[in-house]
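In: Please find the sequence and the predicted model below.
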Amino acid sequence: MKVALISDIHGNAAALQNVLLDIKKEQADKVFCLGDSYINGPNPKEIYRILKEQRIESVRGNTEDFIIDANRSNRNSESYLKLKDAIRPSVGWCSEIFSNEEIVDLSRLPIDIIYKLDEYYQLHVFHASPGDNRGILKENSDDAVFDTIIQQHQSQIFAGGHTHNTYVKRYKGRIFLNAGCSGICMERMDAEQGMILYPGTEYMLIETDGKGAIEIRHKRIRIDLAELIFEVDNSGMPLKEKRMEMLMNINTK
Ligand SMILES: [Fe+2]
């Protein structure tokens, strides 16, 4: 069984298409999307269409909750007004351009999906941590955090996104992983410069052989940033000059 995990697409259809093409080449049996699919990119409606058309099962990220809330409250709710400046305009835009039917669809997305890979491995996918789409589960979170998850949940593999910081951690016989960001992903965190972006996208593959063996692979795929910058420029997304500047500053060497 081969499962692909994509996460945090953030409205970036060019990145999603590249990831899905690679997943097709890998002949994955199943794809799960770990949420935060729409805000802060030029193509939220296109992402919705692709995920639906390809019947990709998704969990609900915190930013899906923000869109649903902004749509229902007509952007007057306290929670909407409290959103950070970097995301509020995009949340507002998504809440406007999605139809009522699409918003209902988003609100029906589960927080967790549990999927049996074979008789040895069960996979638990979520956005941030099991049962919660907002908390932070880092590779170096306290052991007590991982111990609590193990005590409360039965799966062998726990997979989330949310932080854009990919890792695979083996702990007390379980596997914890973060699929990273299938939009424009982070290359590394620099002490002085902060987040250094990679000129492309990433996802995770889990493969089991049905006899107890498991292989986990993290893949990064370069994408044509010029095409993406063009798409941003021609979209109706808010703060697009800022986004284009960010993309133009990515080191492609
Ligand atoms: Fe998130």
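Out: Perfect, I can see it now. Residues are numbered from 1 along each chain as shown.
In: And the helices in the stretch 1-150 of the chain, which stretches?
Out: 13-25, 44-53, 62-73, 78-81, 88-97, 100-107, 143-152 (DSSP state H, counting those that start in this stretch).
In: got CSV for the ones you listed, with mean neighbour count, distance to Ile184 and mean pLDDT too?
Out: From N, CA and C alone the C-beta is placed, and that goes for glycine too. Below are those laid out as CSV (neighbours: other Cβ atoms under 10 Å; distance: least, Cβ to Cβ, whole Å; pLDDT from 0 to 100):
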stretch, mean neighbour count, distance to Ile184, mean pLDDT
helix 13-25, 19, 6, 97
helix 44-53, 17, 14, 98
helix 62-73, 21, 16, 95
helix 78-81, 12, 25, 92
helix 88-97, 21, 14, 97
helix 100-107, 14, 22, 97
helix 143-152, 13, 28, 98
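In: Tell me which of the ones you listed sits nearest to the ion.
Out: Of all those, it is helix 62-73 that lies closest to the ion, at 4.6 Å by Cβ to the ion.
In: hmm, who's touching that closest one?
Out: 35-39, 77, 79-80, 83, 87, 91-92, 94-96, 98, 103, 106-107, 109, 127-128, 133-134, 162 (Cβ atoms under 8 Å, 6 or more residues apart in numbering).
In: one more time with 7 Å
Out: Contact with helix 62-73 is made by 35-36, 38-39, 77, 79-80, 83, 91-92, 94-95, 98, 103, 106-107, 109, 127-128, 133-134, as judged by Cβ atoms under 7 Å, 6 or more residues apart in numbering.
In: Run the chain-centre distance for that helix.
Out: 17 Å (Cα atoms, centre = their mean, to the nearest Å).
In: looking at the helices of the stretch 1-150 of the chain, which is closest to Leu123?
Out: helix 143-152 (13.7 Å; Cβ to Cβ).
In: right, and the helix or strand after that closest one?
Out: Using DSSP states H and E, the helix or strand that follows helix 143-152 in sequence is strand 157-160.
In: close to the ion, is that following strand?
Out: No: Strand 157-160 is not in contact with the ion by Cβ under 5 Å from the ion; minimum separation 9.3 Å.
In: mean confidence score for that strand?
Out: Averaging pLDDT along strand 157-160 yields 98.
In: related to what we said a few turns ago, for the helices of the stretch 1-150 of the chain, could you give me a markdown table that also reports distance to Ser7?
Out: Formatted as a markdown table, the helices of the stretch 1-150 of the chain follow (distance: least, Cβ to Cβ, whole Å):
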| stretch | distance to Ser7 |
| --- | --- |
| helix 13-25 | 10 |
| helix 44-53 | 12 |
| helix 62-73 | 12 |
| helix 78-81 | 23 |
| helix 88-97 | 17 |
| helix 100-107 | 16 |
| helix 143-152 | 18 |
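In: Tabulate these (a markdown table), appending distance to the ion.
Out: Listed next are those as a markdown table, based on distance: least, Cβ to the ion, whole Å:
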| stretch | distance to the ion |
| --- | --- |
| helix 13-25 | 16 |
| helix 44-53 | 15 |
| helix 62-73 | 5 |
| helix 78-81 | 15 |
| helix 88-97 | 12 |
| helix 100-107 | 14 |
| helix 143-152 | 17 |
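In: Name the nearest residue to the residue with the largest distance to the centre of the chain, sequence neighbours excluded.
Out: Most distant residue from the mean C-alpha position of the chain: Lys211, 29.8 Å away (Cα atoms, centre = their mean). Distances taken as Cβ to Cβ, 6 or more residues apart in numbering put Tyr120 closest to Lys211, at 7.9 Å, once the chain neighbours are dropped.
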